[in-house]
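**Q** After the sequence you'll find the predicted model.
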Amino acid sequence: MTGTPYVLPAPPTVIAINDLLAADGSMLTWIGYDGSVWPISGAMAPWLNAQSGVVIQDIKGLMGQFKILDQQGARQDGADFEDAVWDPLEIDYTFLVGGMDPRTFRNTARGFIASWDPKQLGRLVWFSSQLGEWWLPQRLLKGPTDTLKKAPAMMTSATLSMAGRADYPFWTSFDSTSRQVATGPSTLADPLGIAPPGWLPLSNRGDQTGWSRFILQGPGIFGVGDADSGNTVTIGPVPAGVQLLVTTLRRRRGIVEMNTNTNMYPLMSGSFATGIAPATPAGPTQVNIPVSVTGAVAGQTQILASLTPYRKWPE
């Protein structure tokens, strides 16, 4: 995932420039499923008295809701906590759409509504100087239901009350990644020279437990640490040129060949069961995952690790 290409609807005002330099506020941008970019709050948003565009008037439901799963006997006082599961996240919006004239207003409203779809995902991007950029993929849940109080031919602004749904309820940001490439039949090294040989450093800056992913490219037999648990999972032999995607997230745990999506579980001995702890007030949680290989070919055999951070709240 690359950064959001923020596009100003018009040359920035002095107030917008001052807001950007102050670095105290947040910026919200809606990126439609069609790729259109709509700054809706903060320094990049339009000033509707002087510019056409869309701004957000209010927003509700930025954090998802959940269910507590308990067990309770018929004669038991209280309950035994088992787990908590999160529901899809539903966000209610009120937008104000404005144009410098009726034609511009209609074009703006039509384009913004077209950027939402119940079958395809856009994303709401939230940027703050404290936490950086986080985003939430979502689809249209409820279309506008507002009453138009003027003849449409005369309108230059209107409110749009809408709702979006995120199937997965957590905000996400840029992956933490690291890579080791074979330098011999049983040796690995970081091509950037940052990490020690045989180690994959990952960090989790979210407030949810993180789960690593690995792309293994053969030939070779790989030994991959189960996070920092001290356990090792053996994968292989992986044939030359074959790429395997190994996912440790509990609800998506698996190992498949990337080109054909073939299940490659028979190549794995052991299992991944350990996540990477959430960040603390002191900063991201850092973990060094040990990795080894035998039967490798220098410059061809390699392993890439990544971790996606997740948060309940975007700033």
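**A** That came through, no problem. Numbering: from 1, shown residues only.
**Q** Report the contact partners of the residue minimising distance to the centre of the chain.
**A** Residue closest to the mean C-alpha point of the chain, counted by C-alpha atoms, centre = their mean, is Thr172 at 2.9 Å. For Thr172, the contact set (C-beta atoms under 8 Å, 6 or more residues apart in numbering) comprises 134-136, 206, 308-311. For the C-beta atoms, the positions are set from N, CA and C on the backbone; glycine is no exception.
**Q** Could you tell me how far it is located from Ile68?
**A** The spacing between Thr172 and Ile68, counted by C-beta to C-beta, to the nearest Å, is 24 Å.
**Q** Show me where this protein has its helices.
**A** Ranges of helices in the chain, per DSSP state H, are 14-22, 102-114.
**Q** just those helices: most buried one?
**A** helix 102-114 (a mean of 16; mean count of other C-beta atoms under 10 Å).
**Q** Average pLDDT for that one, rounded please.
**A** Helix 102-114 shows a mean pLDDT of 93.
**Q** what's in contact with that helix?
**A** For helix 102-114, the external contacting residues (C-beta under 8 Å, 6+ apart) are 30, 32, 34, 36, 38, 52-54, 95, 97-99, 143-144, 152-158, 160.
**Q** What is the neighbour count of Gln120?
**A** 13 (other C-beta atoms under 10 Å).
**Q** distance of the residue nearest to it when sequence neighbours are not counted from Lys119?
**A** Excluding the flanking residues, the one nearest Gln120 by C-beta to C-beta, 6 or more residues apart in numbering is Tyr33, at 4.0 Å. Per C-beta to C-beta, Tyr33 is found 9 Å from Lys119.
**Q** Which residue ranges make up each domain of the protein?
**A** Domain assignment of the chain by automatic domain parsing yields the ranges 14-62+89-168, 176-311.
**Q** Quick check on Ser115: phi, psi?
**A** Main-chain dihedrals, Ser115, degrees, to the nearest 10: phi -80, psi -10.
**Q** OK, contacts around it?
**A** 30, 32-34, 36, 38, 122.
**Q** now with 10 Å?
**A** For Ser115, the contacting residues are 30-38, 54, 122, 140, by C-beta atoms under 10 Å, 6 or more residues apart in numbering.
**Q** then stretch 103-122 to PDB, C-alphas only?
**A** Only the C-alpha atoms of stretch 103-122 are listed here, as PDB (Å, rounded to 0.1, in the frame of the first residue of the first chain):
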ATOM      1  CA  ARG A 103     -23.600  22.900 -12.700                       C
ATOM      2  CA  THR A 104     -20.400  22.500 -10.700                       C
ATOM      3  CA  PHE A 105     -22.400  21.400  -7.600                       C
ATOM      4  CA  ARG A 106     -24.200  18.700  -9.600                       C
ATOM      5  CA  ASN A 107     -20.900  17.400 -11.100                       C
ATOM      6  CA  THR A 108     -19.300  17.400  -7.600                       C
ATOM      7  CA  ALA A 109     -22.200  15.600  -6.000                       C
ATOM      8  CA  ARG A 110     -22.500  13.100  -8.800                       C
ATOM      9  CA  GLY A 111     -18.800  12.300  -8.700                       C
ATOM     10  CA  PHE A 112     -18.700  11.900  -4.900                       C
ATOM     11  CA  ILE A 113     -21.700   9.600  -4.800                       C
ATOM     12  CA  ALA A 114     -20.300   7.600  -7.700                       C
ATOM     13  CA  SER A 115     -17.100   6.900  -5.700                       C
ATOM     14  CA  TRP A 116     -19.100   4.800  -3.200                       C
ATOM     15  CA  ASP A 117     -20.400   1.300  -3.900                       C
ATOM     16  CA  PRO A 118     -21.900  -1.500  -1.800                       C
ATOM     17  CA  LYS A 119     -20.000  -4.200  -3.800                       C
ATOM     18  CA  GLN A 120     -16.600  -2.500  -4.000                       C
ATOM     19  CA  LEU A 121     -14.300  -1.000  -1.400                       C
ATOM     20  CA  GLY A 122     -13.000   2.600  -1.100                       C
END
